[in-house]
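Novice: My questions concern the predicted model and sequence given below.
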Amino acid sequence: MTSKNKNFEDMMKELETIVNQLDNDSISLEESMDLYQKGMTLSKSCEKTLKDAEEKVAKLMENEAVSNDEPETE
């Protein structure tokens with residue numbers, strides 16, 4: 001499953017797992033590098049997901065403000 005198909009919560013859990021693995025002194029340098037790269041990719045995906053959500057919320061709030069400014073017709 002690619003990060004594009006995962007939800008935010010799943011990506012965050014995977015990032016937490018990666019951090020825990022990187023904290024383990026018994027993994028090799030190569031494994032550490034692979035985990036780091038995977039973590040950075042997940043981090044960028046999470047950042048994009050959050051940015052998209054913020055934009056949606058801002059747009060919803062803007063639409064709500066516009067709706068509240070319009071006079072009611074009876």
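Specialist: Nice, thanks for sending it over. Numbering: from 1, shown residues only.
Novice: Assign the closest residue to residue 14 other than its chain neighbours to helix, strand or coil.
Specialist: Taking C-beta to C-beta, 6 or more residues apart in numbering as the measure, residue 14 lies nearest to residue 42, with 5.9 Å between them; neighbours along the chain are not counted. Backbone N, C-alpha and C define where each C-beta goes, glycine included. Assigned by DSSP: H, G, I helix; E, B strand; the rest coil, the conformation of residue 42 is helix.
Novice: Apart from its neighbours in sequence, what residue is nearest the most centrally placed residue in the chain?
Specialist: For the chain, the residue lying nearest the average C-alpha position, counting by C-alpha atoms, centre = their mean, turns out to be residue 46 (1.9 Å). Nearest in space to residue 46, with sequence neighbours left out and distances taken as C-beta to C-beta, 6+ apart, is residue 11 at 5.2 Å.
Novice: and the residue nearest to the centre of the chain, what pLDDT?
Specialist: On pLDDT, residue 46 comes in at 96.
Novice: so it touches residue 8, yeah?
Specialist: Yes: applying C-beta atoms under 8 Å, one finds residue 46 in contact with residue 8, separated by 6.3 Å.
Novice: Quick check: the residue nearest to residue 46 vs residue 31, distance?
Specialist: If you measure residue 11 against residue 31 using C-beta to C-beta, to the nearest Å, the figure is 20 Å.
Novice: Please say which of those two ends up with more neighbours.
Specialist: When neighbours are counted by other C-beta atoms under 10 Å, residue 11 comes out ahead of the other of residue 11 and residue 31, with 17 against 13.
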